[in-house]
Structures are given as structure tokens and as C-alpha cells.
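**Student:** Coordinates for the following, if possible.
(chains A and B)
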Number of protein chains: 2
Amino acid sequence: MDSRQIVGRNVRRIREEMGLSQEQLAFETELHRTYISGVERGVRNPTVLVIDRLAKALGVPPHLLLMQGSI
Amino acid sequence: MDSRQIVGRNVRRIREEMGLSQEQLAFETELHRTYISGVERGVRNPTVLVIDRLAKALGVPPHLLLMQGSI
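**Tutor:** Coordinates of the predicted model:
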């Protein structure tokens, strides 16, 4: 499993824990909902600046999104 | 400071601690030396798959490259 899948799992888990929909996360990050869906499915290859935007919207430090089995 | 600068500082510090040149890291990662130089200066915006390649060559977990003030 590479970082695309790890980021995807972490984004989905944290988003759901926060009770956010993909649409709401898309709005917060100014990314398209289909892009969010692709990130969560591990098929997108986000840059570190996108990681920063996702982390900010989810309220976690960016590095945490690349941690395997993080919160 | 966003993740581009954090990754840059971490890559440079770890590379130098390992006694690797930019050329050697470029060879290990199959990335161009000028790209490595740009990452280290914080002006490139690497994807998570590039982070994986850099982390593997530097022998650290990918998330560590995005940690502020990491080793």
C-alpha cells in the first residue's frame, strides 16, 4: 500500500468521524467532490499542497494523513 | 511555512546526515538532480508518490518528511 491509499483511508476516516460529507469537505478545501472521492479511493496522487488543504479542513497536521494506521 | 518547505528541509537534513549528494539521491529516486534541488529549496510541489520515493531512498517513513522539526 503506498501513500495514496494511506492518505485516502485517513481522509475518509477523519471526515466521517467529523460527520462531514464529501461535498462539505470539497467546499472547505475548494476541491471538486469527485477529486475528494478519488483521493479517498486511493486513485489520486495529491501534491503536498493539496495534503495541506485537506489537513487544514480536517483539523489535523499534514504529516498525519500519511501515517499508516493513524487516528 | 507550508509542506513544500518542511519537506525540503527534512530531505536536505536527512540526505546530508547520510552523506549523500543530490546526484546520489537523484540516482536512487530516479528523479532529476535539479528536481531534488527544487524540492530541497521548497519550490517544488511533490506528489505523495514522489514523497514515497524520497522516503524510501532516505530510509524513513513517508509521513516523517512532512513533520515539522522531525529528525
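**Student:** Only C-alpha atoms from now on, for both contacts and neighbour counts.
**Tutor:** Fine.
**Student:** quick one: stretch A:28-39 to chain centroid distance?
**Tutor:** Its chain's C-alpha centre and that of stretch A:28-39 lie 8 Å apart, by CA atoms, centre = their mean, to the nearest Å.
**Student:** Residue nearest the middle of chain A, spatially speaking?
**Tutor:** Centroid-nearest residue in chain A: A:Val11, 3.3 Å away (criterion: CA atoms, centre = their mean).
**Student:** Quick check: pLDDT value at that residue.
**Tutor:** Confidence at A:Val11, expressed as pLDDT, is 98.
**Student:** Quick check: closest non-adjacent residue to whatever residue of chain A ends up closest to chain B.
**Tutor:** Residue of chain A nearest chain B, by CA to the nearest CA: A:Thr47 (3.8 Å). Residue nearest to A:Thr47 in three dimensions, not counting chain neighbours: B:Thr47, with 3.8 Å by CA to CA, 6 or more residues apart in numbering or on different chains.
**Student:** Report the contact partners of the one you found.
**Tutor:** A:Asn45, A:Pro46, A:Thr47, A:Val48 (CA atoms under 8 Å, 6 or more residues apart in numbering or on different chains).
**Student:** Max pairwise distance over the residues you listed: which two?
**Tutor:** The largest separation in the contacts of B:Thr47, counting by CA to CA, is between A:Asn45 and A:Val48 at 9.7 Å.
**Student:** Common neighbours of these two, please.
**Tutor:** In contact with both A:Asn45 and A:Val48: B:Thr47, B:Val48, using CA under 8 Å, 6+ apart.
**Student:** That concludes my questions; thank you for your assistance.
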